[in-house]
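A.B. asks: Return atomic coordinates for the entry below.
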Amino acid sequence: MERTIIFCMLFFCSSTVLAAASHKALKYRQILLTIEKLEPTVKDKDVELLHTPENPVEGCVDTALSCFKNGTLQLQPLNSQVNAMFTKAMKVFRKYTVRGPGKQCESSCESYKKKTPKEFLKSFTKLIQKV
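C.D. replies: Residues are numbered from 1 along each chain as shown. As a prediction, the model looks like this:
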């Protein structure tokens, strides 16, 4: 009887961990696909440059993801024809939540170099693929 209970608890715990990991992977995959769709529809000229984290240190990945999330909300559509697709992409980024950083990161969003929106999205893609 005890073995059955222990086995059931072990099975339940392992399936919960696997489900949590796969949910995170699915979320990152959705973000990657959204960036790919968004890249050709983003206005790249006559816009404000965005702080672009590149190669954040191990403990600062969550801070960098937070910077990217805030930066994506500042993007502008190329023209009114792509506005519907652009709006859908912005909904994905608004829903995306970044867990709080585990430790205090020395670099803030403002400490990173400013780049064009297209370069910003390419760096975002690289970071998501690393994570």
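
A.B. asks: all helices for the protein, in order.
C.D. replies: Secondary structure of the chain (DSSP state H): helices at 2-38, 61-72, 83-95, 117-130.

A.B. asks: angle of the shortest one against helix 83-95?
C.D. replies: For helix 61-72 against helix 83-95, the angle by axes from the mean of the first three to the mean of the last three C-alpha atoms, to 10 degrees is 150 degrees.

A.B. asks: So for helix 61-72, what gets flagged as buried?
C.D. replies: By neighbour count on 16 or more other C-beta atoms under 10 Å, the buried set for helix 61-72 is 61, 62, 63, 64, 65, 66, 67, 68, 69, 71, 72. Quick note: C-beta positions are derived from backbone N, CA and C, even for glycine.

A.B. asks: Return the residues in contact with the fifth one.
C.D. replies: To tie it back to what came earlier, the one meant is residue 65. Neighbour list for residue 65: 98, 127, 131 [criterion: C-beta atoms under 8 Å, 6 or more residues apart in numbering].

A.B. asks: CSV for those, including pLDDT, distance to residue 111 and neighbour count?
C.D. replies: Formatted as CSV, the contacts of residue 65 follow (pLDDT from 0 to 100; distance: C-beta to C-beta, whole Å; neighbours: other C-beta atoms under 10 Å):
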residue, pLDDT, distance to residue 111, neighbour count
98, 70, 17, 15
127, 89, 16, 19
131, 75, 20, 13
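
A.B. asks: This completes my enquiry, with thanks.
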